[in-house]
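> below: sequence and its predicted model.
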Amino acid sequence: MKNNLTPKEIVTLLDKHVVGQSDAKEAIAVAVRNRYRRMNAPKSIQKEIMPNNLLLIGPTGVGKTELVNRLVNILNAPLLKVEATKFTEVGYVGRDVESIGRDLVEKSYQLLKKQSLETAKSEAHGKMIKRIIDILLPGTNDHDHCDLRKEYKEKIESGEIDEQEIEVSLTKQSTTGFEIMSPPGMEEMTEQIQGLFQSLNSSKTEKKKISIKEAKIALVEDECSKSLDEETLKAEALKLAENEGIVFIDEIDKVVKSSSSNADVSREGVQRDLLPLIEGTIINTKYGPLKTDYILFIASGAFMETSPSDLISELQGRLPVQVHLNKLELQDIKSILVTPEFSIIKQYQSLMETDKVNLSFEKDGLSAIAETAYNANENLENIGARRLNNIMESLLRNILFDAPYKGKKTIVIDRKYVEIRLKHLNIKDNWKDWVI
């Protein structure tokens, strides 16, 4: 895990994808770095250092979710994203909240399993070659046949004999044929029952007649699966989730009491169910008991009709770092168009390049696009940077439809082009065209 990045390094990486919002970036960077600091602190004090959970506050489309999405790629850590509204349904409160912990461990396990398989592939490749040669040239695994085996190794690696069919023995992938559903707290028993069914075929092999090309893939996967130590992997997954796991709870403002809602009791119940999870509890998972004390929780919400102070006081205390994200101004929208590493302009340019169309955006054209987005947000509902998706599609729809053309083509997008293409979308008069 890339958990030794300094706060400045994390912010620099986030800057590549998210414009502005320096306070939020710094708060997230510090919270992430503090986990690394805790794990390297003296063991006598480690258990006393709790994570500083965050509450990101700001209107939609300003970068709250995007910051967390990019954090996943930067840290390569187990991160679970959930929506608070998922836990408002009657009959699911409690069980769904505990599923956060179970799902986080599952993500941790899959992440470690993927890394273990990648590590094992290099060694598995050599074993795959040997197994294919043994099938093609039985009884030649001695010094006298070294040159012949070397010759066939080169043929296998070059793909010269890929179409030749061979019979291979593969470990049989056992399945129960059905899924066992379990009530909360009985995941370990369910895992034992499923394990019992799976063990019936765990040591069996099956023979298949396939081409050498297919055998290369199948045998590498077979060797990789043999190298996995499931018990060690499960223990490491639990440890990783407990110490480096991140849970992002989006739209937490939707479970806050509102004067216009009749579901206040249900909403407050969701908050109270989240409270022990964030404060620190033990959740039984199929990989073992998970302690949530040191998991980093990042909650976010627009709080347009409510306020963070409307959260129950205990939950406010468990989200001590509250960061306000700024509303996007005109200059921010201009920057969002071109500054991020994979900005929306670069995305459309890459799309059209596949049809040999070069989209050339002039500075005044970019300004016109940004101004249109900003004015739409000011006159209609403010959806932040998401407004650009609507505008760019309307602006380029005819090009996207007409392409490909005969031969290569360059299309210049300047202010005049933008005004002509979008003039029928009068923001104030034809507001229905802008509703998303």
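Cool, got the structure. Fair warning: this is a prediction, and the values are worked out from it, not measured in the lab.
> residue ranges of the helices in the stretch 301-436 of the chain, please?
Using DSSP state H, counting those that start in this stretch, the helices of the stretch 301-436 of the chain run over residues 313-318, 330-338, 344-353, 363-379, 387-402, 415-422.
> got TSV for the ones you listed, with mean pLDDT, mean neighbour count and distance to Glu118 too?
Using the backbone N, CA and C atoms, a C-beta is placed for each residue, glycine as well. What follows is those, written out as TSV (pLDDT from 0 to 100; neighbours: other Cβ atoms under 10 Å; distance: least, Cβ to Cβ, whole Å):
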stretch	mean pLDDT	mean neighbour count	distance to Glu118
helix 313-318	90	15	37
helix 330-338	92	19	34
helix 344-353	93	16	27
helix 363-379	91	18	41
helix 387-402	91	16	34
helix 415-422	91	16	46
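> right, and those - which one's nearest Asn73?
In terms of Cβ to Cβ, the element of those nearest to Asn73 is helix 344-353, at 16.7 Å.
> which strands and helices sit next to that closest one?
helix 330-338, strand 357-361, helix 387-402 (3 or more Cβ pairs under 8 Å, 6 or more residues apart in numbering; DSSP states H and E).
> how does it look with 10 Å?
helix 330-338, strand 357-361, helix 363-379, helix 387-402, strand 409-413 (3 or more Cβ pairs under 10 Å, 6 or more residues apart in numbering; DSSP states H and E).
> out of these, nearest to Lys150?
In terms of Cβ to Cβ, the element of those nearest to Lys150 is strand 357-361, at 49.7 Å.
> and the residue nearest to Ile10 when sequence neighbours are not counted, how many neighbours?
Nearest non-adjacent residue to Ile10, counting by Cβ to Cβ, 6 or more residues apart in numbering: Ala29, 3.9 Å away. The local packing of Ala29 (other Cβ atoms under 10 Å) involves 22 other residues.
> just Lys423 next, same as before
Counted with other Cβ under 10 Å, residues neighbouring Lys423 total 8.
> pLDDT value on it, please?
On the pLDDT scale, Lys423 is placed at 81.
> switch to numbering from 55
All right, first residue 55 from here; so that's Lys477.
> any idea how far it is from Leu449?
11 Å (Cβ to Cβ, to the nearest Å).
> tell me which element the residue nearest to Ile64 is part of?
helix 76-93 (DSSP states H and E).
> just Ser153 next, same as before
Short version, using DSSP H and E: Ser153 is in helix 149-190.
> likewise Lys135?
Here Lys135 is assigned to strand 133-137, by DSSP H and E.
> check the offset of that strand from the chain's centre.
9 Å (Cα atoms, centre = their mean, to the nearest Å).
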